[in-house]
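>>> I'd like to go over a predicted model; first the sequence, then the structure.
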Amino acid sequence: MPKTNAASHPSEGHPDIAKVTIGPKELTARCKKLGAQISSAYQGRELMVVVVLKGAFMFASDLVRHIDLPLQVDFMAVSSYGDSTKSSGTVRILKDLQKDVLGKDVLMVEDIVDTGLTLAYLRQMLLGRHPRSLATCSLLNKGVCRKVEVPVEFIGFEVANEFLVGYGLDFTQRYRNLPFIGVLRPEIYQQHPE
Ligand code: IMP
Ligand code: MG
């Protein structure tokens, strides 16, 4: 039987995590605020929410619960890093949208904007399909790492230049299930040389 009292969660004592950067409560509170902000920015309109897989899946599922607007959800899967921790600068579309975005108010949902290369590429691609508007909501923003200037209209948290995992973000496809965002122990990277 699942316990109803979830007072302790795996952030305390996960063997691979050096420190927890953003805990579950902060994540929930921020999703609520962002949802309210988005709902008022698009009042009277219908949204097309484009979730950028895989990293944004958990954030998007929490965020849309707090958006009080008629909306549709579609998914796009991209790969920009391979299995390393550095951006390759090459974006591969692994799965495209099912719906046409022509004339729609499109809100892209991203996990993190780091160099900005992935988002810049996706924005160009989607703008070519002539949406009515195009904006991005990213849970995390690593502003210090930006290589190309790209607009991010809604930001959850500004973060430092550290490689983060959890709440959808991965290292070698692992740790996406952690209910918090944290920094991996250096030994974990050293076991996976690039
Ligand atoms: P960018 O192209 O450098 O902006 O990187 C965008 C993508 O790289 C994000 O959507 C993530 O999937 C991934 N990424 C960037 N930084 C991190 C990180 O600290 N942890 C996990 N994934 C990251
Ligand atoms: Mg991503």
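Nice, thanks for sending it over. Ligands and ions are numbered 1, 2, ... in the order given.
>>> which outside residues touch the lowest-mean-pLDDT helix or strand in the chain?
When each helix and strand of the chain is scored by mean pLDDT, DSSP states H and E, helix 186-190 comes last, with a mean of 83. By Cβ atoms under 8 Å, 6 or more residues apart in numbering, the residues outside helix 186-190 that reach it are 16, 18, 85, 163, 171. C-beta: built from backbone N, CA, C; applies to glycine.
>>> quick one, which of the residues you listed are buried?
By neighbour count, with 16 or more other Cβ atoms under 10 Å, the contacts of helix 186-190 hold residue 171 as buried.
>>> thinking again about what came up before, if you count neighbours, what's buried in the least confident helix or strand of the chain?
Neighbour-count burial for helix 186-190 flags residue 188 (criterion: 16+ other Cβ under 10 Å).
>>> gap between the two ends of stretch 144-160?
Stretch 144-160 has an end-to-end distance of 7 Å (Cα to Cα, to the nearest Å).
>>> centre of the chain to it, how far?
12 Å (Cα atoms, centre = their mean, to the nearest Å).
>>> contacting residues around the residue nearest to residue 55 when sequence neighbours are not counted?
Using Cβ to Cβ, 6 or more residues apart in numbering and skipping residues adjacent in sequence, the residue nearest residue 55 is residue 111, 3.3 Å away. Neighbouring residues of residue 111 by Cβ under 8 Å, 6+ apart: 52, 55-56, 59, 138-140, 168-169.
>>> ditto for residue 43
residue 69.
>>> break down the protein into its strands, ranges please.
17-22, 47-53, 71-79, 92-95, 105-113, 133-141, 154-158, 164-165, 181-184 (DSSP state E).
>>> got these as CSV, with distance to ligand 2 columns?
Listed next are these as CSV, based on distance: least, Cβ to the ion, whole Å:
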stretch, distance to ligand 2
strand 17-22, 16
strand 47-53, 5
strand 71-79, 7
strand 92-95, 12
strand 105-113, 5
strand 133-141, 9
strand 154-158, 13
strand 164-165, 12
strand 181-184, 14
